[in-house]
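> give me a model of this one.
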Amino acid sequence: MNEILAVAIASIIAWLNFVIVDALLGLPEVPSIKGADNIARYIKNRGGDLSGGFFQGNILCSPDASAGTLLASIGVMLLGLEGGLIAALFVFIGNRLCADLGYAGTVGTLTMTGIVIAFSYVGIRPEMFVVGMVIAVTTIQGIHHPSSSKLLGKIAKKLNRYTQLE
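Sure, this is the predicted structure:
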């Protein structure tokens with residue numbers, strides 16, 4: 001498979017994995033830790049969406065499915081299935097250290113471990129998922145926070161996970 005095409009596919013799959021897992025497990029609804037609340041309100045003040053801001057703040061302040069997706073890709077690249085499971089353990093511990101009660105990071109790590117292993121059979125190697133995840137995170141955290149928060153807010157509404165806070 002063409003490497004550029006494989007990285008593009010890996011980016012889309014990684015993006016979908018971490019956004020869907022994080023949204024379904026409630027990241028857009030409430031801040032899991034204080035820093036996430038501060039980030040969300042700052043993004044809202046800059047014209048963004050509060051729910052999307054909670055999503056972005058939770059990603060930034062605690063190892064959620066975005067970190068899990070990246071760490072799973074690296075773990076599988078280095079050690080195969082065992083590396084993905086070790087990554088899940090590290091993310092779980094990281095959540096406990098951050099006093100984050102959620103399990104989005106652990107779930108995202110486990111789902112991505114399975115995805116990376118499955119796609120390795122069709123020519124998308126684990127290192128392509130590492131690059132793809134960096135691209136995926138950049139679209140959410142690195143380009144324009146207000147715009148990406150609005151996209152995340154729309155996804156949260158569709159998944160019935162929009163915040164009730166103001």
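> top helix in this protein by residue count?
In terms of residue count, the longest helix belonging to the chain (DSSP state H) is helix 3-24.
> after that one, which helix or strand is next? Please name it.
Later in the chain than helix 3-24, the nearest helix or strand by DSSP states H and E is helix 34-45.
> how distant is the longest helix of the chain from the center of its chain?
On the basis of Cα atoms, centre = their mean, to the nearest Å, helix 3-24 sits 9 Å off its chain's mean C-alpha point.
> neighbours around Ile74, how many?
19 (other Cβ atoms under 10 Å). (C-beta placed from N, C-alpha, C; glycine too.)
> coming back round to it: tell me what the longest helix of the chain is packed against?
Where contact means 3 or more Cβ pairs under 8 Å, 6 or more residues apart in numbering; DSSP states H and E, helix 3-24 is packed against helix 50-61, helix 65-79, helix 104-120, helix 126-137, helix 145-158.
> quick one: the fourth one to helix 3-24, angle?
Orientation of helix 126-137 against helix 3-24 (axes from the mean of the first three to the mean of the last three Cα atoms, to 10 degrees) gives an angle of 60 degrees.
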